[in-house]
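Q: Here you go, sequence then predicted model.
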Amino acid sequence: MLVASLRRLPGAALYALKLFPCPGVAAATPRRSTLLLLLAVSSALSGCASMSVEECLVADWESVGLEDGTRGRGADGIARYREACAKAGVTPDLSAYEKGRKAGLVQFCRPASGYEFGRKGGSYAGVCPAETEGEFLVAYNEGREYYDLEQAVSQAESAVTSGEYSLRAARKDLDKGERRLDNDSLSADQRSKIEKKNRELATRIGRLEAEQSQLLIELGERREQLRVYESDRD
């Protein structure tokens, strides 16, 4: 339905490209074929994993650079585009790309952007100029610290959940083994094997209980670190 609609309304394709921007897909001129626009929109909606031949053909390199700059991407991105677009016989406009990227970095290298970038777990690639990098890094590190503390809590919670699952499974197996010993028809050899397995399970349960106690302590510590950090921010 989307494709049919865009075939009837080429302008809608341009609008969709503005709504779903990605590297390599920018507003094309009306002279470009509707098919190319549709292909570009389709790629944009699918996540823009890489620049396709169609995207190379309609690329506005200044817009590509602008987006890369606002996302804090390094200058090596143009090399990847050059490789991808070689299949289409398209050579990226380095001058336009760098012009757009520099404009994008002006937006990215602000303290507020730095904090949000760190808060989302972004890895800074050292792209900001010296005159703005200092304040950017202060904000970025603050946001990244918050992110890392939350991740530490999440990982500790996952470890506790996994430990609980392993402990329940081991206890269940031991319970089954103990009930099997109630069978009076077991041979001496069968009974001996079951008892041996039960002893091994009991040992494993003891180890898992000790590990779980330590994991719960670590989870409490991680939560407290996050609580203190959030309290200091208020």
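A: Cool, got the structure.
Q: Any idea how many residues pack against residue 62?
A: 19 (other CB atoms under 10 Å). The C-beta positions use only the backbone N, C-alpha and C, and glycine is treated the same way.
Q: in this protein, which spans are helices?
A: Under the criterion DSSP state H, the chain carries helices at the ranges 2-8, 10-19, 34-45, 53-58, 61-70, 77-85, 94-108, 111-119, 130-180, 188-233.
Q: any idea which of these is most buried?
A: Mean neighbour count (mean count of other CB atoms under 10 Å) peaks for helix 61-70 among those, with a mean of 24.
Q: Okay, now the unreliable bits of the chain?
A: 1-50, 234 (pLDDT under 70).
Q: Find the residue at the geometric middle of this protein.
A: With distances taken as CA atoms, centre = their mean, residue 121 lies nearest the centre of the chain, 8.3 Å away.
Q: Tell me which residues touch that one, please.
A: By CB atoms under 8 Å, 6 or more residues apart in numbering, the residues touching residue 121 are 144, 147, 151.
Q: Just the C-alphas of stretch 65-77, formatted as PDB.
A: Listed next in PDB are the C-alpha coordinates belonging to stretch 65-77 (Å, rounded to 0.1, in the frame of the first residue of the first chain):
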ATOM      1  CA  GLY A  65      27.900  14.400   6.400                       C
ATOM      2  CA  LEU A  66      25.500  16.500   8.500                       C
ATOM      3  CA  GLU A  67      23.800  13.400  10.000                       C
ATOM      4  CA  ASP A  68      27.200  11.700  10.600                       C
ATOM      5  CA  GLY A  69      28.400  14.900  12.400                       C
ATOM      6  CA  THR A  70      25.300  15.100  14.600                       C
ATOM      7  CA  ARG A  71      25.800  11.500  15.600                       C
ATOM      8  CA  GLY A  72      29.400  12.000  16.500                       C
ATOM      9  CA  ARG A  73      30.800   9.700  13.800                       C
ATOM     10  CA  GLY A  74      34.400   9.900  12.700                       C
ATOM     11  CA  ALA A  75      35.700  11.200   9.400                       C
ATOM     12  CA  ASP A  76      36.400   7.600   8.300                       C
ATOM     13  CA  GLY A  77      32.700   7.200   7.400                       C
END
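Q: neighbouring contacts of it?
A: 21-23, 78, 96-108, 117, 122, 124-127.
Q: Excluding covalently adjacent residues, which one is nearest to residue 110?
A: Nearest residue to residue 110, sequence neighbours excluded (CB to CB, 6 or more residues apart in numbering): residue 136, at 7.0 Å.
Q: residues in contact with that neighbour?
A: 109-111, 113-114, 128.
Q: and if we set it to 6 Å?
A: By CB atoms under 6 Å, 6 or more residues apart in numbering, residue 136 lies in contact with 109, 114, 128.
Q: So the first one versus residue 126, what's the distance?
A: Relative to residue 126, residue 109 is positioned 11 Å away (CB to CB, to the nearest Å).
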